[in-house]
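Undergrad: What follows is a protein structure lacking sequence information:
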């Protein structure tokens, strides 16, 4: 008889099986050759030998059934005979001493069932030993411990960070169930881990969108992390970094007349700023090509003392465009002038010879025109995308001048257009007096206070001291404190920053044309993780404004679909999964689910998670704090986990009502309201603390 046998399969239902335990098993343990093994305990494992493989099944339900038995021929009914049954879900296969999720060979009826041994548990929980692998092989394995198994106390739950971040991670659960601590402990584990070859994550890129202002405390004094915190009152996003979708969502122009006029006005604003040193926008490229053609066709013939006389000079393109051409060359600081008198061309300066142009002079002019045409072509190519280019322009000039220019370009009645545009202009001007929008979007900025490279350096963790990027300190974690941002502008800010991060990473590959350049310029050369705390605020399934799709939802859905290709991963944390975008959650391949009691949220999670894990999800309403169910590509097998203690903790502790009510409250209301109103508190203000090396409260 098989010493590991504990029962046989009596039912196979897709990935679920029913096991009848052996009658001689009278307890929850069975003595084996090496140890005493647990059997028939929820969240434990059993082994199903199938050919040369071992199918691993997770125990989800234990039942006891009693049936009376009729003794044949005697008509006597005996006392009920107890039978014990186990329901289990098949989750993976051990083949060639390696565990993988998924099942290829299914067991049959009466298939034997074994208890799981220590060797098999090691294959599931602790695949690598670290010492026998090189760095690349090690990093491709499941190596990062983030918690332990409540069922098997001696085994840690390990994840593969590349699979977990690259294919996005969702952390879900009721408020107070431990989501913030889970995010913090995962990140702390990343930076505390001792990697092979004595390496550490000095150059990590984690950007936290901190809605509640609680993560700074978790990393402020952490010995392994340099954390850059941008306080809520200092968080800015220059309006000139906005693209057309951002402007359209912010100012809500009507599609018929207002939107085209505003779009054209923004194009003019960016174009004028881009070409202010060389105003070529008013010159016709066709005219320049015609002039160039005339100069080439009528280059000086040394046998002739007169030039251009084969054409009617008064009607020639050269004659008709003389003022325009002179003005153009003057802007280019080119000495060039035409003087037509009595059908005689008289050149200026040292180029006089026989009342005509020298061959050298003509060649110089053609060369200058060629340079100018190349400049026009290159800038025209840029300006064709100028409405989306992050090029600075004064917002006041857009309102007071360039909208009028856009109107004047239209062929219809100007008064009629102005009548349609005036509500849009009033709405845009109102933003200049609304502190909720003016301050964070820098609408009153009169100069380009932040260049795009400085801004992106800061977002990716380069510290700024005294307003200048020193470029020396690399912070692995950047915390964008959004706790005090007005809800009206929150999704605009998060959407713009999210899009800038994605577009920056998309352009890394195009930044260098060298075939043998560093690997960092390859696609995915700067892997980055964005953490979205309270993600339902950025990516709701139902739009707050029914007629408009949230701008942040649009951006992060794009990141969820395309981010992996460019090394951009998401960590979503939310207490209301049913309010989250289904598109984004469907792109998440790893889930850590804490206690959830709302029936709608429970049903929603079952819809987006594989049905093979449905039995595990039945435990959601009773999960204790710090416990969760983890499943997906980032972990070897779905399992309940007790997450590591987080130290230091984020500022997300539950309020102590009774303790605080037993003490005298010494909060000064005036201090709070003065801060609320933006007043400087001088009286009784404590001396400023020294700046912690691990955290910079950076002014943008």
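TA: Nice, I can see it. Computed from a predicted structure; not experimentally measured.
Undergrad: Give me the secondary structure label for residue 641.
TA: strand (DSSP: H, G, I helix; E, B strand; the rest coil).
Undergrad: Is it correct that it is in contact with residue 147?
TA: Yes: if you go by CB atoms under 8 Å, residue 641 and residue 147 touch, sitting 4.3 Å apart. In this view, the C-beta of every residue, glycine as well, is placed from N, C-alpha and C.
Undergrad: what is in contact with these two at once?
TA: 157, 630 (CB atoms under 8 Å, 6 or more residues apart in numbering).
Undergrad: what's near enough to touch the residue nearest the centre of the chain?
TA: Nearest to the mean C-alpha position of the chain, by CA atoms, centre = their mean, lies residue 530 at 4.7 Å. For residue 530, the contact set (CB under 8 Å, 6+ apart) comprises 207, 208, 209, 498, 501, 559, 568, 569, 570, 571.
Undergrad: What is the nearest of those to residue 479?
TA: Distance ranking of the contacts of residue 530 against residue 479, using CB to CB, places residue 208 first at 4.8 Å.
Undergrad: Now name the helix or strand holding that closest one.
TA: If you go by DSSP states H and E, residue 208 is part of strand 206-210.
Undergrad: hmm, who's touching that strand?
TA: Residues from elsewhere that reach strand 206-210 (CB under 8 Å, 6+ apart): 183, 187, 215-216, 459-460, 476-483, 494, 497, 501, 528-533, 538.
Undergrad: tell me what the following helix or strand past it is packed against?
TA: Using DSSP H and E, the next helix or strand after strand 206-210 towards the C-terminus is helix 216-219. In terms of contacts (3 or more CB pairs under 8 Å, 6 or more residues apart in numbering; DSSP states H and E), helix 216-219 is packed against helix 179-192, strand 227-230, strand 477-481.
Undergrad: quick one on the thing from earlier: within its sheet, name the partner strands of the strand holding residue 208 and how each one runs.
TA: Applying DSSP bridges, strand 206-210 is found paired with strand 477-481 (parallel), strand 528-532 (parallel).
Undergrad: what about those, which gets the closest to residue 60?
TA: Nearest of these (CB to CB): strand 528-532, 31.5 Å.
Undergrad: now that closest one: mean pLDDT?
TA: For strand 528-532, the mean pLDDT works out to 96.
Undergrad: pLDDT on the helix or strand following that strand, on average?
TA: Downstream of strand 528-532, the first helix or strand assigned by DSSP H and E is helix 551-562. The average of the pLDDT scores along helix 551-562 is 93.
Undergrad: what's the angle between helix 551-562 and strand 528-532?
TA: 140 degrees (axes from the mean of the first three to the mean of the last three CA atoms, to 10 degrees).
Undergrad: tell me what helix 551-562 is packed against?
TA: Applying 3+ CB pairs under 8 Å, 6+ apart, we find helix 551-562 packed against helix 244-251, helix 487-507, strand 568-574, helix 582-587.
Undergrad: Mind doing that once more with 6 Å?
TA: Using 3 or more CB pairs under 6 Å, 6 or more residues apart in numbering; DSSP states H and E, the elements in contact with helix 551-562 are helix 487-507, helix 582-587.
Undergrad: what angle do that helix and helix 244-251 make?
TA: Per the same axes, to 10 degrees, the angle that helix 551-562 makes with helix 244-251 is 150 degrees.
Undergrad: now helix 551-562 and strand 568-574, what's the angle there?
TA: Using the same axes, to 10 degrees: helix 551-562 against strand 568-574 is 130 degrees.
Undergrad: Make 156 the starting number, not 1.
TA: Let's use 156 as the start, then, which means that last one is helix 706-717.
Undergrad: Mind listing what's buried along helix 706-717?
TA: Neighbour counts over helix 706-717 (16 or more other CB atoms under 10 Å) mark 706, 707, 708, 709, 710, 711, 712, 714, 715 as buried.
Undergrad: With stretch 255-271 instead?
TA: Buried positions in stretch 255-271, judged by neighbour count with 16+ other CB under 10 Å: 256, 258, 262, 266, 267, 268, 269, 270, 271.
Undergrad: and what of stretch 325-332?
TA: With burial defined by 16+ other CB under 10 Å, the residues of stretch 325-332 counted as buried are 325, 326, 327, 328, 329, 332.
Undergrad: thinking again about what came up before, save the helices and strands packed on helix 706-717 as TSV, and put in mean pLDDT, mean neighbour count and distance to residue 751 too.
TA: Formatted as TSV, the helices and strands packed on helix 706-717 follow (pLDDT from 0 to 100; neighbours: other CB atoms under 10 Å; distance: least, CB to CB, whole Å):
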stretch	mean pLDDT	mean neighbour count	distance to residue 751
helix 642-662	91	20	25
helix 737-742	90	19	14
